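Build me a model:
(one chain, ligands or ions: 1)
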Amino acid sequence: MTNTQTVEKPKVLKKGMLDNVLEQFNSAADKIDLNNNVRKILSITNTEIIINFPVRMDNGDVEVFTGYRVQHNNALGPYKGGLRYHPTVDIDAARALAMWMTWKTSLAGLPYGGAKGGIQLDPSKYSKGELERITRRFTYALGENIGPEHDIPAPDVNTNDQTMAWIADTYMSTKSTSERSKNQHVVTGKPVGSGGLEGRDRATGYGVFLTIKFWAEKNKVSLKDKKFIVQGFGNVGFWAAHFLEGEGAKLVGVQDAFGSIQNKEGINVTDLFNYGKANKGSIVGFPEATEMDGKEFFGLDCDIVIPAALGNQITKHNAHTIKASLVAEGANGPTDIEGEKILLERGITIIPDIMCNSGGVIGSYFEWLQNRNGELWQLDEILEKIEKKLKTTFLKVTDYSEKKEVDMRTAAFSIAIERIEKAYILRGIFP
Ligand code: NAD
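Sure thing, here's the model as predicted:
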């Protein structure tokens, strides 16, 4: 058996994020000459759960929903990863996102594996009461497939601290009274005051900002007056923009699910956030910017592009239009393989998702520890700890990338995969 065998994904699956993550994995695995047995294990997910469950709607009708939880690998610790509520959630998306979580937690040096899941739905079509019943019923149906020492979900697209509070409460309600409080860390990203971590709301966006700041420091570039655009003005996009604005950088374009806006003179991040809040989450119609054609969004004149929405957004169709010199991947899998090739050929730096948005899972780890140990940490102490952990990762990745003369994604994947390979080789495989 050679160490260079590329593991193909089954032919039945459609092309999408899963193709990207497998190609990224295989390419890094070839470069590090990954042990072929470990390659076989990591090329496939450990467990895949698909649940069809009924929920009563406000009008009395019953609707059946499909929920997913895919657990990719737990060699380094319990499965960890978000839950997404979106029409694009399907088994392939969950597989791909679960794999990225494995690399992300490994790269960050956390004692976790990778998982992801969600429900295929458009949450804007349901009332708060319906979303609560959908969430609680899905949690109940998942049963012991999640657990504080087994698989720990967190927020992702269209889920938030409220969703996590419903999950925690439902899961804990299935336990005996004396066991309840031992199970609070079944999810992270809970509201502060209900087991949540101060600053978990901003942890991902803060991390995106920090990786940009570390990159700027390394390249002796000032962020003051640098122009940036953000795709997705939700949790990640908003907080990344907020912290960048704090450094004097200028937000000149924003795109969300409803439309795209631009202003060369700059868009005030807080004003846009308040506008969106009062406008059902949409940025469209913000008075201090003009609307633009979404197809031209990534070609806006700027220095930094932050994709912070969905996967496969930077592709061969728009990568050649990007004027920025830096793409900081707030979203998971926003750049596809062809898009990445074009960016790298054009000399554009990519801060890869598994490092760029890892502030979120680092924050989640701190929340989990806090719950487990019955502690309460202060915000400044938490942000400092996130910065320290991310800096270590950033230095490791940039050092590896320079020494091995590879791009940052290949470096990040290589470090992440080597850590898991080592665990398998030390431990062996049962029986
Ligand atoms: P969110 O639901 O808070 O916000 C999503 C944003 O994307 C919204 O503004 C929405 O309008 C916009 N959007 C949706 N579809 C779009 C489209 N087709 N085009 C343009 N914009 C679109 O979600 P979030 O938590 O900010 O997550 C955003 C991304 O970051 C996802 O890829 C997620 O996996 C990743 N991520 C999130 C976290 C976290 O802690 N929340 C951690 C790591 C990575």
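
Burial check on the residue of the stretch 151-300 of the chain found nearest the ligand, number of neighbours?
Using CB to the nearest ligand atom, the closest approach of the stretch 151-300 of the chain to the ligand is made by Gly234 at 1.7 Å. Bear in mind the C-beta positions are built from the backbone N, C-alpha and C, glycine included. Neighbour count for Gly234, taken as other CB atoms under 10 Å: 22.

these two touch, right, it and Pro155?
No - counting by CB atoms under 8 Å, Pro155 is not a contact partner of Gly234; they are 9.9 Å apart.

Look up the residues forming beta bridges with the closest residue to Thr349 other than its chain neighbours.
Nearest residue to Thr349 in three dimensions, chain neighbours excluded: Leu326, at 5.1 Å (CB to CB, 6 or more residues apart in numbering). Beta bridges link Leu326 to Ile304, Thr349 when assigned by DSSP bridges.

and Leu326, how many neighbours does it have?
22.

List the residues that contact it.
212, 215, 303-305, 348-351 (CB atoms under 8 Å, 6 or more residues apart in numbering).

List buried residues within those residues.
Among those, the ones that count as buried by 16 or more other CB atoms under 10 Å are 212, 215, 303-305, 348-351.

Can you narrow the residues you listed down to the ones near the ligand?
By CB under 6 Å from any ligand atom, no member of these lies near the ligand.

Save the residues you listed as a markdown table, and put in distance to Ser106 and pLDDT too.
Below are the buried ones among the contacts of Leu326 laid out as a markdown table (distance: CB to CB, whole Å; pLDDT from 0 to 100):
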| residue | distance to Ser106 | pLDDT |
| --- | --- | --- |
| Ile212 | 23 | 98 |
| Trp215 | 22 | 98 |
| Asp303 | 31 | 98 |
| Ile304 | 27 | 98 |
| Val305 | 26 | 98 |
| Ile348 | 26 | 98 |
| Thr349 | 23 | 98 |
| Ile350 | 19 | 98 |
| Ile351 | 18 | 98 |
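
Relative to Phe228, how far out is the residue lying closest to Ala324 once chain neighbours are set aside?
In this structure, Ala324 finds its nearest non-sequential neighbour in Val305, 4.5 Å apart by CB to CB, 6+ apart. Taking CB to CB, to the nearest Å as the measure, Val305 falls 7 Å from Phe228.

Residues in contact with both of those two, list them for me.
In contact with both Val305 and Phe228: Ala324, using CB under 8 Å, 6+ apart.

near the ligand, which residues of the stretch 51-200 of the chain show up?
That would be 155-158, which are the residues of the stretch 51-200 of the chain within reach of the ligand (CB under 6 Å from any ligand atom).

name the element the residue positioned nearest the centre of the chain belongs to?
Computing the C-alpha centroid of the chain and ranking residues by CA atoms, centre = their mean puts Asn332 first, at 4.8 Å. Counting by DSSP states H and E, no helix or strand carries Asn332.

Quick check: it touching Met355?
No - here Asn332 lies out of contact with Met355, judged by CB under 8 Å, at a distance of 11.9 Å.

mind listing the helices in this structure by residue range?
17-32, 36-42, 91-107, 128-142, 161-173, 200-218, 235-246, 269-277, 337-345, 353-356, 359-373, 379-404, 408-427 (DSSP state H).

Quick check: which of those helices is buried the most?
The highest mean neighbour count among the helices of the chain, using mean count of other CB atoms under 10 Å, belongs to helix 353-356: a mean of 30.

Report whether that one contacts the ligand.
No - legend: contact between helix 353-356 and the ligand by CB under 6 Å from any ligand atom is lacking; minimum distance shown is 7.2 Å.

Offset the numbering so it begins at 8, please.
In the new count, where the first residue is 8, that last one comes out as helix 360-363.

roughly how far is that helix from the heart of the chain?
Taking CA atoms, centre = their mean, to the nearest Å, one finds the center of helix 360-363 at 8 Å from the center of the full chain.

Now it - C-alpha only, PDB.
Provided in PDB are the C-alpha atoms of helix 360-363 (Å, rounded to 0.1, in the frame of the first residue of the first chain):
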ATOM      1  CA  ASP A 360     -11.600  29.600   7.200                       C
ATOM      2  CA  ILE A 361     -10.300  26.900   9.500                       C
ATOM      3  CA  MET A 362      -8.100  29.500  11.100                       C
ATOM      4  CA  CYS A 363      -9.900  32.800  10.300                       C
END
